[in-house]
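Participant: I would like the atomic coordinates for the input below:
(chains A and B)
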Number of protein chains: 2
Amino acid sequence: MNQQGILVVVSGFSGAGKGTLMKELLRRYDNYALSVSATTRQPREGEIGGKDYFFVTREQFQQMIEEKRLVEYAQYVNHYYGTPRAYVEQRMKEGKDVILEIEVQGALKVKKRFPDALLIFVTPPDAQELRRRLVGRGTETIEVINARLRRAAEEASGMEAYDYLLINDEIDTCVEQMHQLIQLQHNKTGYHLEFLSRMREELCHLDDR
Amino acid sequence: MNQQGILVVVSGFSGAGKGTLMKELLRRYDNYALSVSATTRQPREGEIGGKDYFFVTREQFQQMIEEKRLVEYAQYVNHYYGTPRAYVEQRMKEGKDVILEIEVQGALKVKKRFPDALLIFVTPPDAQELRRRLVGRGTETIEVINARLRRAAEEASGMEAYDYLLINDEIDTCVEQMHQLIQLQHNKTGYHLEFLSRMREELCHLDDR
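Facilitator: Residues are numbered from 1 along each chain as shown, chains lettered A, B, ... in the order given. Below is the predicted model of the structure:
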């Protein structure tokens, strides 16, 4: 009906399988674009500027903040991460549904600036399962795992602000649910005010014959 | 995830194919229940009390209003029509998604009392098509058709208050869209506050080990 893409924020616990979910969604459907974050940290091996991140200096990042060119930003371990507004708006104009994979705090800022944004929180079926997934990797120390669990508890405190909860029990089902959820969002009345007023005008006009 | 059904209001222009849509939805899926209205008008041939309508006297209806036993009600051509609250709540408790097929004014009242209700407006692709469908039946006088178009223009003035717009271009697609839309609504965060607080508690508990 409308051609403009919509803005989708996806958050979720580390261990909820969000990464696989996003990868699978983008592989199956071509109407999505992942937002590219700006960061002040150094590129890691294999990372490509403009694809994985926009790599910028501290000064450039500060300027982006001042010129309000970021939808949201945050600082982690001495580095800045943010979502450039121009990139997001450009892809939306091209008709892409733009997905922001960000943290709870950033998500709330996005919702303030883009009230029409769709906020999705991905969670495993229960906390025990989340713990199993975090521990199950077998690669981290108990300290790292405990830090993650604390982090998860923190993240859980923002879940109520999200529009929808997706339980990632089975990846295939969850990908399809997310796709349907985003696509149906295009039917929100708020996106069709022009259609509605045209409809009304045409009806009045017909009645005038 | 949750077992309780949700409340769905479906409205739409006469001529939007809403009747066929509802019939098809209920034929294909068994998780829906159509709300049964109370009315003061006489039963027509073939109509069954408790299935098509709850047929009541004017006095009974007045009493239902006074005792706040109606979710919404309205008067048309000297007869009262209303939605009994008990029936709706009972079916929801049984896990059925309850569909109210009512007018715009009633829909707005439902939304006030049940803010979680899902309001869907069904419309043909455009006003010309709506007119074609209204005229196309070939059974009504031009006066009746014009009255309908006026009515449609009135109805159109309330469309913005609905959550979603469904365009009934092709019945099969529209039925499936409606089904998906209602089912995904079960994932709304607001329906899972208990799950969320349990998750949070379990996470804190795990962290305390």
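
Participant: buried set for the host helix or strand of A:Gln105?
Facilitator: A:Gln105 belongs to helix A:104-113 when elements are defined using DSSP states H and E. For helix A:104-113, the neighbour count (16 or more other C-beta atoms under 10 Å in any protein chain shown) marks A:104, A:106-111 as buried. For glycine as for every other residue, the C-beta is placed from the backbone atoms N, C-alpha and C.

Participant: what packs against it?
Facilitator: Helix A:104-113 sits against strand A:7-12, strand A:70-76, strand A:97-101, strand A:118-123, with contacts defined as 3 or more C-beta pairs under 8 Å, 6 or more residues apart in numbering or on different chains; DSSP states H and E.

Participant: so which of those comes closest to A:Gly46?
Facilitator: strand A:97-101 (18.7 Å; C-beta to C-beta).

Participant: Now do the closest one, average pLDDT.
Facilitator: When pLDDT is averaged along strand A:97-101, the result is 95.

Participant: Over to stretch A:74-81?
Facilitator: The model assigns stretch A:74-81 a mean pLDDT of 88.

Participant: same check, this time on stretch A:132-151
Facilitator: 76.

Participant: what's next to it, contact-wise?
Facilitator: By C-beta atoms under 8 Å, 6 or more residues apart in numbering or on different chains, the residues outside stretch A:132-151 that reach it are A:14-17, A:124, A:131, A:152, B:203, B:206-207.

Participant: quick one on the thing from earlier: tabulate the helices and strands packed on helix A:104-113 (CSV), appending mean neighbour count and distance to chain B.
Facilitator: Listed next are the helices and strands packed on helix A:104-113 as CSV, based on neighbours: other C-beta atoms under 10 Å in any protein chain shown; distance: least, C-beta to the nearest C-beta, whole Å:
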stretch, mean neighbour count, distance to chain B
strand A:7-12, 25, 12
strand A:70-76, 18, 20
strand A:97-101, 22, 15
strand A:118-123, 25, 7
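
Participant: As a markdown table, the ones you listed with distance to B:Arg148 would be great.
Facilitator: Shown next, in a markdown table, are these (distance: least, C-beta to C-beta, whole Å):
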| stretch | distance to B:Arg148 |
| --- | --- |
| strand A:7-12 | 39 |
| strand A:70-76 | 46 |
| strand A:97-101 | 37 |
| strand A:118-123 | 36 |
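
Participant: Of those, which is nearest A:Glu176?
Facilitator: strand A:118-123 (13.6 Å).

Participant: If you count contacts, what does that closest one end up packed against?
Facilitator: Using 3+ C-beta pairs under 8 Å, 6+ apart, strand A:118-123 is in contact with strand A:7-12, helix A:104-113, strand A:164-167, helix A:171-185.

Participant: where does chain A dip in pLDDT?
Facilitator: Low-confidence segments of chain A (pLDDT under 70): A:1-2, A:136-137, A:206-209.

Participant: Span of stretch A:158-172 from start to end?
Facilitator: Stretch A:158-172 stretches 26 Å from its first residue to its last (C-alpha to C-alpha, to the nearest Å).

Participant: ugh, typo on my part, it should be stretch A:176-192
Facilitator: End to end - C-alpha to C-alpha - stretch A:176-192 spans 25 Å.

Participant: Now do it: everything it contacts.
Facilitator: Contacts for stretch A:176-192 (C-beta under 8 Å, 6+ apart): A:1-2, A:4, A:6, A:8, A:10, A:21, A:25, A:28-29, A:32, A:97, A:116, A:118, A:120, A:164, A:166, A:196, B:121, B:159-166, B:177, B:180-181, B:184, B:187.

Participant: Give the buried residues for that stretch.
Facilitator: Neighbour-count burial for stretch A:176-192, counted by 16+ other C-beta under 10 Å, picks out A:177-182, A:184-189, A:191-192.

Participant: Also stretch A:23-43?
Facilitator: Result for stretch A:23-43 [16+ other C-beta under 10 Å]: buried residues A:24-25, A:32-40.

Participant: I'd like the residues you listed as JSON lines, with secondary structure and distance to A:Glu170 appended.
Facilitator: Formatted as JSON lines, those follow (DSSP: H, G, I helix; E, B strand; the rest coil; distance: C-beta to C-beta, whole Å):
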{"residue": "A:Glu24", "secondary structure": "helix", "distance to A:Glu170": "12"}
{"residue": "A:Leu25", "secondary structure": "helix", "distance to A:Glu170": "15"}
{"residue": "A:Tyr32", "secondary structure": "strand", "distance to A:Glu170": "21"}
{"residue": "A:Ala33", "secondary structure": "strand", "distance to A:Glu170": "26"}
{"residue": "A:Leu34", "secondary structure": "strand", "distance to A:Glu170": "23"}
{"residue": "A:Ser35", "secondary structure": "coil", "distance to A:Glu170": "26"}
{"residue": "A:Val36", "secondary structure": "coil", "distance to A:Glu170": "29"}
{"residue": "A:Ser37", "secondary structure": "strand", "distance to A:Glu170": "29"}
{"residue": "A:Ala38", "secondary structure": "strand", "distance to A:Glu170": "35"}
{"residue": "A:Thr39", "secondary structure": "strand", "distance to A:Glu170": "33"}
{"residue": "A:Thr40", "secondary structure": "coil", "distance to A:Glu170": "38"}
